[in-house]
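> Attaching a predicted model along with its sequence, questions to come.
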Amino acid sequence: MSNFLKDYSGKKILVTGHTGFKGAWLARILVLAGAEVYGLALAAETNSLFSLAGDLGIKESTILDIRDRNKVDSYFATHTFDGVFHLAAQPLVRRSYKEPVETFDTNVMGTAHVLNAALTHKATKWAVVITTDKVYRNVEKLGGYTEDEPLGGKDPYSASKAATEMVVSAWQTIASHSDEKIAICSARAGNVIGGGDTAEDRLIPDLIRSFHAGVKTVIRNPQSIRPWQHVLDPLNGYLAMGSALMAHKGISRAYNFGPGEESKLTVEQMAEFACTQWVGAKGIDIHVDSSAVHEAGLLWLSSELAAKELGWSNRFEAREAIAWTIEWEKASMITSPLSALDEQIQKFYGVKP
Ligand SMILES: NC(=O)c1ccc[n+]([C@@H]2O[C@H](COP(=O)([O-])OP(=O)(O)OC[C@H]3O[C@@H](n4cnc5c(N)ncnc54)[C@H](O)[C@@H]3O)[C@@H](O)[C@H]2O)c1
């Protein structure tokens, strides 16, 4: 077991967004680490990892809309935790164009409701708020963005997450003036891949859907370079933050958890590699979409702070991340999604489910 995972044994931890992709993985890691895990989110989509996995071993799963301030307040008035990982969000750029106000409501005010209620009711000792690499003002620079660079965000999703960072900053200040010294930090990572992601408009879920359907996968932006990272790598970073907070180490206010330089591959390179991993894959079909809505160009993170202060580093490079994702898909068909989750968590951390 990774030396910090044992810090969670017996701890009461809330994961908001536990019915989502990253949240389900994180909740299961915490359950296997021996934590008492609580979840707070909207109901799971029928084909989501949370629904497919069945029983993740969560102590209490609460369906609650974080836009509803009163309900969030009542929840924290009746629950206390050692720590909170706040992942609940509207995380899709394209949906944020169709539903900008809802995206801001959930990502910005939802986070304010959670932090305010947690602080008011002294309901937790620390909170790690998950934002994204898209919080930085993208000036198309080549080197990695560091945590102190200006925030920005052109599209509604990125702007809402930059505003989430402002919420974190404000409640850090409020917490520092309150009697209860609740530590609040943010974690910034980019797009991740991994088993069980069924989101719309993401390359790997699109490829896997095409593999199952026996058709070619349509690729929109073949030459775009994306930061490919396996979900376990940033989750490991979030857990390292929680562990440092539990040890009362003076940690920074925000950390980047980006993929390494070796993971800079184009969409086309990744799609072609994925096809080599699936027997019978029909390949890709390139359709350049000139009417596509604006998505930020390549934005690379420097993760030196996380390496220096938390001892964090990526375990996977891009092709290994794809291979693990496709391996998960195959294993989940042979055994079950839950067994596939457990097997990969066990392999990553050396924990016995
Ligand atoms: N998946 C990625 O590649 C990626 C990249 C960068 C950042 N993130 C961030 O990580 C977090 C998790 O992302 P994900 O990919 O697992 O997303 P997801 O869509 O799979 O899950 C989102 C979760 O948030 C919950 N949620 C949404 N609106 C809510 C509301 N109004 N009230 C309560 N719960 C609500 C959903 O029920 C779900 O549990 C998000 O904060 C996202 O912005 C994800």
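Perfect, I can see it now. Source: prediction; values computed, not measured.
> Who are the contact partners of the residue in the chain positioned nearest to the ligand?
Using CB to the nearest ligand atom, the single residue of the chain nearest to the ligand is G20, 1.9 Å away. From N, CA and C alone the C-beta is placed, and that goes for glycine too. Contacts here follow CB atoms under 8 Å, 6 or more residues apart in numbering; on that basis G20 touches A41, S48, F50, L87, A88, P91.
> Just send the residues you listed back as TSV, with pLDDT, neighbour count and secondary structure too.
Converted to TSV, these look like this (pLDDT from 0 to 100; neighbours: other CB atoms under 10 Å; DSSP: H, G, I helix; E, B strand; the rest coil):
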residue	pLDDT	neighbour count	secondary structure
A41	98	23	strand
S48	92	19	coil
F50	96	26	helix
L87	98	25	coil
A88	98	26	coil
P91	94	22	coil
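> and those as JSON lines, adding distance to the ligand?
Compiled in JSON lines, the contacts of G20 are given as follows (distance: CB to the nearest ligand atom, whole Å):
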{"residue": "A41", "distance to the ligand": "3"}
{"residue": "S48", "distance to the ligand": "7"}
{"residue": "F50", "distance to the ligand": "7"}
{"residue": "L87", "distance to the ligand": "4"}
{"residue": "A88", "distance to the ligand": "4"}
{"residue": "P91", "distance to the ligand": "4"}
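> and which of the residues you listed is nearest to G144?
Lowest distance from G144 to the contacts of G20 (CB to CB) belongs to P91, with 22.1 Å.
> I'd say that closest one and S160 touch.
No. Using CB atoms under 8 Å, P91 makes no contact with S160, being 10.0 Å away.
> What segments of the stretch 251-353 of the chain are helices?
If DSSP state H, counting those that start in this stretch is used as the criterion, the helices of the stretch 251-353 of the chain fall at 267-276, 304-310, 318-334, 337-349.
> And the first one, what's buried?
Of the residues in helix 267-276, those scored as buried under the neighbour-count criterion (16 or more other CB atoms under 10 Å) are V267, Q269, M270, A271, E272, F273, A274, C275.
> ok, that helix near the ligand or not?
No. Residues of helix 267-276 contacting the ligand under CB under 6 Å from any ligand atom: none, with a closest distance of 13.9 Å.
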